[in-house]
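Enquirer: Build me a structure from this.
(2 chains)
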Amino acid sequence: MGKSKPDVLQGTLDLLVLKTLARGPQHGYGIATTIQRISEEALRVEEGSLYPALHRIEQEGWIRSEWGVSEKNRRARFYSITAAGRKQLAREEKQWDKLTAAVATVLRFSEGS
Amino acid sequence: MKWLRRLWIMFRPDRLGSDLDDELRFHLEERVDENIAAGMSEEEARRDARLRFGNPTLLKESARENDILVWLETATQDLRYALRGLRRSPGFAATAIVSLGLGIGANTAIFSFVNALLLKHLPVPEPARLVQLAEYEDGKLTNSVFSYPFLAELDKANRAFDGLFGRYPVRVNLTSGDVAEPLNGEVVTGSYFRTLQLKPALGRLLTEEDIDAAAGSPVCVISYSMWQERFGGNPDIVGRKLLLNAHPYTVAGVTEKGFYGPQLQSRIDMQLPVSRMGDFMGGFFSTGDGGAMWKSPDFRWLQPLARLKPGISVSQAQAIIEPLARATMRGGKNEKAAFRLKDASQGTSYDSDFSKPVIVLMAIVSLVLLIACANLASLLLARANARAKEFAVRLSLGASRWRLVRQLMVESLAIACSGGLLGLLLALWIVQTLLAYLNAGLTGGSTLQVGLDPLVIGFSILLSLLTALLFGLVPAWQSARPEIVPELKGSPGRNQVSLGGVRIRRFLIVFQIALSLMILFAAGLLTRTLRSLKTIDLGFDPARVIALNVDPAMNGHRLDEIDRVFDEILGRLRAHPRIAAASLAVVAPLEGSAISLGFEVPGHIKKSSDVQTNFNMIGPDYFKTLSQALLAGRDFTDRDVKKAPVVAIVNKLFVDQYMPGQNPIGRSFKMDGDVEIVGVVSDSRYQDLRETPCPLIYLPAKQTHNSGYTLLIRTRLESRKAIADIRDTIRSVDPRLPIYRIRELQDQIDQGISPERVLSFLSTLFSALATLLCGIGIYGLIAYAVSRRTREIGLRFALGAQKIDVANLFLRESVLLVAAGIAAGIPLALASTRVMKSVLYGVRPDDPVTLSLTIAIFVVAGLLASLLPVLKAAGIEPLQALRDE
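Expert: Purely as a prediction, here's the structure:
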C-alpha cells in the first residue's frame, strides 16, 4: 500500500539523517533543510518519505525524539542520535565509502579502455 | 532487544495518531513561512508546502505501518468489519456458525471419548516404559496370566526390566459395625509399587517384606480418593485397622492422588499382599492346601506388568526375556508358545467394549465436520461472489489484495471461533448426556473419566482454526481477484470468478452428498445391527428376573457353611409372596464370563474343537426361574448333593453334537468320574449376545466347589419393587452378608448392547445432521443460481417460456448434482462399511435394502432442498426481473 522506494535510496536517506543529527538535535523540517543547504540544493529530501523514515529509524533505536519548542516558538519534535545510531552511522559511512570507491573504480576502468 | 524496544515504543502514550499530525503540521507551517519569505502569496505557499508532501493520509499510514500496534489496530478493524458484515447478513452468519458448531461439537464430544478410552496413559512416571507380558501361539494370544513363582523368578533374573509385578483384581468387603461396603481391590506382588514408581501420599507403600510378613499381620494400601471420601482425609488413617472380608488389616499408606490401579477402565481402591489371596477368593483357597495355592507354579492367575530399563526397546527386551521365560517356565509344555511384550502405557486394560464404536464414531463425525466445512466454503464463496462489486470498487480505490484477503480471512476466523465456542458447549452437553446414559444402571465401579481436559479443548481450538484457514482461504483468494471493469459495469455473472465459484460449489455439493451417503448407509447398518441384537431369541425370558451377587466367604463364612447359608437364603426367598421362583448359578447369563472344562463322551470321536465345552453350576429351579424349557428328564433337586450320584443336565445342541438321534437320558459322559445325564433343556445364549449357541453342560452347584454365586430371582410383579424385600430377606439370614450388583437381568442385557445402542443412536443423529447440511448446501446453490439468473428467467418468460420449463431448468441441475453425489457415494459407502464389519451383527456390510433406502432418502432430500428456490424461479415476474437489472 505504501510507496515503495529502492533500497539504495532509503539506505542513503538513513545515512544522511544520521549524519545530520550527528551535528546536533534537529526537528524534521530542520533535517530536510539542512541536507538541502549543505548539499547546495543538490540533494533534496522528499518530504513525503522523510517522516516514515524518521519513524523507522527511531524504531531501530538509532535516534530518539522528544517534543520541544522551535526557534519560532512552535511546538516541534526534535530528533537526536543515540549511541547505537553513531555506531550505525560509522558503519554506513564506511559502506558508502566502499560503494563510491567501487563505483569510481568501475567508472575509471571504463574510461581507460 | 529489538522487540523489547519496539514494544516499549508501542506503549509510549504520546506516539501515535494526533502526535504525527502535530509533527506534520509543524513541518507544513515552517515550509509555508519560508515560502512566504521567498515571496509567494500565502495561498501559493500553502499549496506548495502540501504538494511537496504528497498525500498526507497515505504518508501517515506508511509512517505508522512499522508499528505492531498498527497491525493490531488493523486487525481489530478487520474484526469489527467482519462482525459488522456478519450482523448485516444474519442468515448467512447463523447458518455458517451453526453448521460449523454442530460439526465441531460432535467432533469434540467424540474426541473426548477417544481421549478417555484410547489416549489416556497410566498416571505414573514414564508410562511409556511399561510393558505387558503375554504368550502367543501362531500369532494368536493364548495366555496373559502367569504363576507367582514364574513372575518372581523372571523379575529377579532379568536385565531388561526395572521391575515386573503380578496383580489380580478382587472384591473386598469392608465392614464396620453392621454395615458392609463392597469395593474393588487387587492383590499384588511385592514389586508392584517399585515397578510403577509410585510414591505414597501418606505412610508407606507395599514392599516385598509385606508379602512375606503378611501371614502374621497383613497390611493394605488405600487410594487417595478412598482416604478422602471414606475416611475424610484423616491423617490418623495410617496404622488404623480395617476389617476386610472379616480379616483385620492395617493401613500402611495412601497412594498418590489420581491413581486407581493399573487398569484405566476400572477404579481400584486398595492394594493387598498377594500372599493373602485366600481372604478374597474365598472357599477352597482359604484353608489347608488351598492356602498355599497362591505360590503354586501350576496356578496361573496373575496379570503381569513390567517396566523396561531406560534405553531398552521393546524388541531388545523381548530378545532378553524370551529365552529366560522359556527356561523359567520349565517342562516347556508347549514348544510353539512365544513370549511377547506389548505396550502397557495405558495399563493392563483390555480393549474396552467402547473402543471400536468410538473409533467408528470418530470417523463419522470427522466426515460430518468435512461436510459442514464444505457448506462453509460454499457459503463463503457465494457471499464473496455477491460482494464482487464491493471488492472491485475497493480494489480500484487502491485497497491491496492482501488486505481484502485478510479481511475475508478474519471473517471466516470469526465464524470459526463462534462455531468453535458453540461446538464446545454442545460437546459438553453431548458428553454429559452420553455419560449419564452409559452410567445408568451401573452401580459404581466405573471410572470412565470423560471430560473437556486441555487436550480436548486444544483439539477443538485446532479444529476451528484449521477449518477457518482451509475453508476460508480459497474463497477469500478467489474473491480478491475479481475483474474490476465488468464488475463495475454491473454485469455480474459473466466473469471468471463467479463461474469458477459455481464450479467449485457444485463440486463441494457432490462431495457432501457422497460423504453423507456414506454416513447414512453406515447408520442404517448399525441400526439394523441393533435391531438384530434386540430381537435375538435368548432361549430364556429375562423379564422380571433380578440378579444379585452374594459371597458369604467374603465375611468369614467357612466353606462348609456356605451351602447352608445359600439354602437358607433361597428357602426364605421362595417363601416370599412377591417371588415366583429363585435359584443360583456360578455363571450368570450373558455377562461375558464362562467356564470351560474338558470331558469325554464314550463312543464319540473327538475333534480338536470338542475337547472342552461350556459349563454352568446351578441350583434347583434355575430353568423355572429363567423360563427356559425342560425338554426331557428332570430338573436338579435338593437331593443332588456331594454324596448322591453325580448328575448333569445338557442342552439340545449337546445332544445334537455328541449323541445325535439317541435318547440321552440315563447315558453318561466322563469328567473326573462318570456323570449321568438326567435332563435336556432348550438352547440358550450363554456368555455373549452375539455368540453362536453352543453345547452346554449344567452341573448341580452342590456337587462342585464354589464360593460365590449369582442369585437369580423371578418376581411376580414389577421387579423393581421387590428389590427392597429381597435385600431384607437376605439380610435376615445374616445382616453382614455383602450384597452387590443388584440388577434386573433385562437391564443387564440392555447394558450389554449399550455400545451398539449408542452407536446406532449417534450415527443416526449424525447422519441426519449430515443430510441436513447437504440439504442446506443444495438449497443454497440452487437459490444462488436462481438469483443470479433472474434476468435470464425474466427474458425466458417474456419470450413465452412456461413455468414448468423454468422449473425444469433448475430441477435438472439439482437432480444432476444429487445423482452425481450418489454415484460417487455408493462405492465409498461400500468400501467403508467393509472396515466396520466387526461392529455389525445380523446384517451384511453391503445390505441392498439399506443401500436402496439410503439412496431414496437422498433423492427425496435433494428434491425437497431444491423445491423452494425452484418455486421461486417459477414465480418470477418477467417485467420486474428485467426492470431490476
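Enquirer: so where's the longest helix in chain A?
Expert: Identified as the longest helix of chain A according to DSSP state H is helix A:83-112.
Enquirer: What residues of that one count as buried?
Expert: By neighbour count with 16 or more other Cβ atoms under 10 Å in any protein chain shown, helix A:83-112 contains the buried residues A:85, A:88-89, A:92. Any C-beta I mention is one placed from the backbone N, CA and C, and that applies to glycine too.
Enquirer: Likewise for stretch B:149-158?
Expert: Buried, per 16+ other Cβ under 10 Å, within stretch B:149-158: B:150-155, B:158.
Enquirer: Among the residues you listed, which one sits closest to chain A?
Expert: Chain A lies nearest to B:N158 out of the buried residues of stretch B:149-158, by Cβ to the nearest Cβ, at 63.4 Å.
Enquirer: what comes up buried for stretch B:573-591?
Expert: Those would be B:573, B:576, B:578-591, for stretch B:573-591 by 16+ other Cβ under 10 Å.
Enquirer: can I get the buried residues of helix A:83-112 in CSV with pLDDT and distance to B:A128?
Expert: Output for these, formatted as CSV (pLDDT from 0 to 100; distance: Cβ to Cβ, whole Å):
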residue, pLDDT, distance to B:A128
A:G85, 91, 54
A:Q88, 90, 52
A:L89, 91, 57
A:E92, 88, 56
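Enquirer: mind listing the strands for chain A?
Expert: A:26-27, A:63-69, A:75-81 (DSSP state E).
Enquirer: ok, and which of the ones you listed has the densest surroundings?
Expert: strand A:26-27 (a mean of 22; mean count of other Cβ atoms under 10 Å in any protein chain shown).
Enquirer: Just give the strands next to it in its sheet, each with its orientation.
Expert: Here strand A:26-27 has these sheet partners by DSSP bridges: strand A:75-81 (antiparallel).
Enquirer: Residues contacting the strand it pairs with, please?
Expert: Outside strand A:75-81, the residues within contact range by Cβ atoms under 8 Å, 6 or more residues apart in numbering or on different chains are A:17-18, A:21-22, A:24-29, A:31, A:54, A:58, A:62-70, A:89, B:22-23, B:26.
Enquirer: residues near the nearest residue to B:K670 once chain neighbours are set aside, how many?
Expert: Among residues not flanking B:K670 along the chain, B:E600 sits closest, at 4.3 Å (Cβ to Cβ, 6 or more residues apart in numbering or on different chains). Neighbour count for B:E600, taken as other Cβ atoms under 10 Å in any protein chain shown: 13.
Enquirer: cool, and B:K670?
Expert: By other Cβ under 10 Å, neighbour count at B:K670 equals 12.
Enquirer: can you check B:I595 too?
Expert: Count around B:I595 with other Cβ under 10 Å applied: 18.
Enquirer: average pLDDT across stretch B:633-642?
Expert: Across stretch B:633-642, the average pLDDT comes to 91.
Enquirer: can you check stretch B:22-36 too?
Expert: Computed over stretch B:22-36, the average pLDDT equals 83.
Enquirer: same thing with stretch B:388-406?
Expert: pLDDT averaged over stretch B:388-406 gives 77.
Enquirer: End to end on stretch B:305-312, go ahead and measure it.
Expert: End-to-end distance of stretch B:305-312: 16 Å, with Cα to Cα, to the nearest Å as the criterion.
Enquirer: Please spell out which residues along it are buried.
Expert: Buried, per 16+ other Cβ under 10 Å, within stretch B:305-312: B:305-309, B:312.
Enquirer: Kindly report the same for stretch B:310-327.
Expert: So stretch B:310-327, judged by 16+ other Cβ under 10 Å, has buried residues B:312, B:317-318, B:320-321, B:324-325.
Enquirer: out of those residues, who's nearest chain A?
Expert: When these are compared against chain A (criterion: Cβ to the nearest Cβ), the nearest one is B:I312, at 53.8 Å.
Enquirer: Would you agree the closest one is in contact with B:N158?
Expert: No: with contact defined as Cβ atoms under 8 Å, B:I312 does not reach B:N158; the gap is 10.5 Å.
Enquirer: quick one on the thing from earlier: for the longest helix of chain A, which helices and strands make contact with it?
Expert: helix A:7-22, helix A:47-60 (3 or more Cβ pairs under 8 Å, 6 or more residues apart in numbering or on different chains; DSSP states H and E).
Enquirer: same thing but 10 Å
Expert: Here helix A:83-112 touches helix A:7-22, helix A:47-60, strand A:63-69, strand A:75-81, going by 3 or more Cβ pairs under 10 Å, 6 or more residues apart in numbering or on different chains; DSSP states H and E.
Enquirer: okay if I get those as JSON lines plus mean pLDDT?
Expert: Putting the helices and strands packed on helix A:83-112 into JSON lines (pLDDT from 0 to 100) gives the following:
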{"stretch": "helix A:7-22", "mean pLDDT": "75"}
{"stretch": "helix A:47-60", "mean pLDDT": "80"}
{"stretch": "strand A:63-69", "mean pLDDT": "87"}
{"stretch": "strand A:75-81", "mean pLDDT": "88"}
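Enquirer: Relative to B:K837, which of these is closest?
Expert: Nearest of those to B:K837, taken as Cβ to Cβ: helix A:47-60 at 64.6 Å.
Enquirer: and that closest one, anywhere near chain B?
Expert: Yes: judged by Cβ under 10 Å from any Cβ of the partner chain, helix A:47-60 comes into contact with chain B at A:47-56, A:58-60.
Enquirer: So what's the residue count around residue 52?
Expert: Looking at chain A here, since you left the chain open. 24.
Enquirer: You answered for a different chain; I wanted chain B.
Expert: 17.
Enquirer: now B:F471
Expert: There are 27 residues near B:F471, going by other Cβ under 10 Å.
Enquirer: all helices of the stretch 151-300 of chain B, in order?
Expert: With DSSP state H, counting those that start in this stretch as the criterion, the stretch 151-300 of chain B has helices at B:192-196, B:208-213, B:224-231, B:277-281.
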